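Colleague: attaching a predicted model along with its sequence, questions to come.
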Amino acid sequence: MRKALQRVRANKGAPGVDGMCVNRLPAYLKRHWPKIKQALLEGTYDPLPVLRKEIPKDTGGIRLLGIPTVLDRLIQQAVGQILQRIWDPVFSESSYGFRPERGPQQAIRSAREYVANGYRYVVDLDLSKFFDRVHHDRLMSRLATRIHDKRVLKLIRSFLTAGVMIGGLEEPTYEGTPQGGPLSPLMSNVVLDELDKELEKRGLRFVRYADDCVIYVKSRQAAQRVMGSVSRFLEKRMRLKVNRDKSAVGRPWDRKYLGFCMTNTRKRPMIRIHWKTIKRFRKRIREITSRNRGHSLSQVMKELMQYLNGWW
């Protein structure tokens, strides 16, 4: 729990529906921890609804976040630390998102190896509103295969069904795992591990980072066949939605993955930052350093360093 508290304090973040800031959490725990601990042990802990936040995407559109209270973030973080140790060893070697010692750099290097070995057609699958469409019962069934404490399972379900506060009104949540909570990344990997296992069973070469999945094959005909069969699996078996407009069959040097693309070379392809990624990067740098914002030099440098550290 101490480690979870350190992580929550380091991540900071906005208050949830109760308005409590992260810096007030330690004092709150000193007064209320015995009661909170008892509720957790008895399986009666009741999380508050998440606060809806709309974040503009760099590519246009809106990303919906669900901000838990800082106390709920602490509990989620503590649970997630334990579950990560249970689940990570059984995750696919082709899964790179939200895992220790893994990241986008390793994902794109793995993709390059497939292309270098002759898998020069890519099936680019785009899942429509994945985090909003996660089926609760299917997720809980998968969790129950490795978690045998019913109190933990009940606690996780209570986070999934805690509801969302929009404009002061509470709405129920019947599906999805809200982006913004510490548990959400791990839950996404638990859900999509079913896809990973199916692709491995079929002997396919693939790379998955969170809900971004690309499959590498040796011919356009094979790519089209895989696109159809895997899309059916996702929609019929997993009850997810494939975005037909954004999903496509193509060549690795024509498609962007995690902000990168590859050169069309016979031997070993080179990894390049995609021009669209560079364009967004430059635009954001100009926004941060704009004189019209009226920020001090120290504020600009702090925001600039945060963006640069998160960018790579």
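Modeller: Sure, I can see it. Numbering: from 1, shown residues only.

Colleague: how many neighbours does R239 have?
Modeller: Burial of R239 is recorded as 13 neighbouring residues (other C-beta atoms under 10 Å). Yep, even glycine has a C-beta here, placed from its N, CA and C like the rest.

Colleague: contacts only, for it.
Modeller: R133, H135, R138 (C-beta atoms under 8 Å, 6 or more residues apart in numbering).

Colleague: got it, and Q81?
Modeller: Contacts of Q81 by C-beta under 8 Å, 6+ apart are K3, A4.

Colleague: let's see the helix or strand hosting it as PDB, backbone CA atoms only.
Modeller: In this structure, Q81 sits in helix 70-87 according to DSSP states H and E. C-alpha atoms of helix 70-87 as PDB (Å, rounded to 0.1, in the frame of the first residue of the first chain):
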ATOM      1  CA  VAL A  70      -7.800   9.800  -5.200                       C
ATOM      2  CA  LEU A  71      -8.800   7.200  -2.600                       C
ATOM      3  CA  ASP A  72     -10.200   4.900  -5.300                       C
ATOM      4  CA  ARG A  73      -7.000   5.500  -7.400                       C
ATOM      5  CA  LEU A  74      -5.000   4.300  -4.400                       C
ATOM      6  CA  ILE A  75      -7.000   1.100  -4.000                       C
ATOM      7  CA  GLN A  76      -6.900   0.500  -7.800                       C
ATOM      8  CA  GLN A  77      -3.100   1.000  -7.800                       C
ATOM      9  CA  ALA A  78      -2.600  -1.400  -4.900                       C
ATOM     10  CA  VAL A  79      -4.800  -4.100  -6.500                       C
ATOM     11  CA  GLY A  80      -3.100  -3.500  -9.900                       C
ATOM     12  CA  GLN A  81       0.400  -4.000  -8.500                       C
ATOM     13  CA  ILE A  82      -0.600  -7.500  -7.200                       C
ATOM     14  CA  LEU A  83      -2.500  -8.500 -10.300                       C
ATOM     15  CA  GLN A  84       0.300  -7.400 -12.600                       C
ATOM     16  CA  ARG A  85       2.600 -10.000 -10.900                       C
ATOM     17  CA  ILE A  86      -0.100 -12.700 -11.400                       C
ATOM     18  CA  TRP A  87      -1.000 -11.900 -15.000                       C
END
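
Colleague: quick check: mean pLDDT across the next helix or strand after it?
Modeller: Later in the chain than helix 70-87, the nearest helix or strand by DSSP H and E is helix 104-116. Averaging pLDDT along helix 104-116 yields 93.

Colleague: the bottom helix or strand of this structure by mean pLDDT?
Modeller: helix 297-311 (a mean of 78; mean pLDDT, DSSP states H and E).

Colleague: just how off-centre is that one within its chain?
Modeller: 23 Å (C-alpha atoms, centre = their mean, to the nearest Å).

Colleague: who are the packing partners of it?
Modeller: helix 275-288 (3 or more C-beta pairs under 8 Å, 6 or more residues apart in numbering; DSSP states H and E).

Colleague: what mean pLDDT does the helix it packs on have?
Modeller: On average, helix 275-288 scores 80.

Colleague: what comes up buried for stretch 188-208?
Modeller: Using 16 or more other C-beta atoms under 10 Å as the test for burial, stretch 188-208 gives 188-196, 198-199, 204-208.

Colleague: with stretch 144-160 instead?
Modeller: For stretch 144-160, by 16+ other C-beta under 10 Å, it's I147, V152, L155, I156, S158, F159, L160.

Colleague: contacts for that stretch next, please.
Modeller: Outside stretch 144-160, the residues touching it (C-beta under 8 Å, 6+ apart) are 40-43, 45-47, 68, 72, 75-76, 79, 83, 86-87, 90, 136, 139-140, 143, 173, 176-177, 181, 183, 187.
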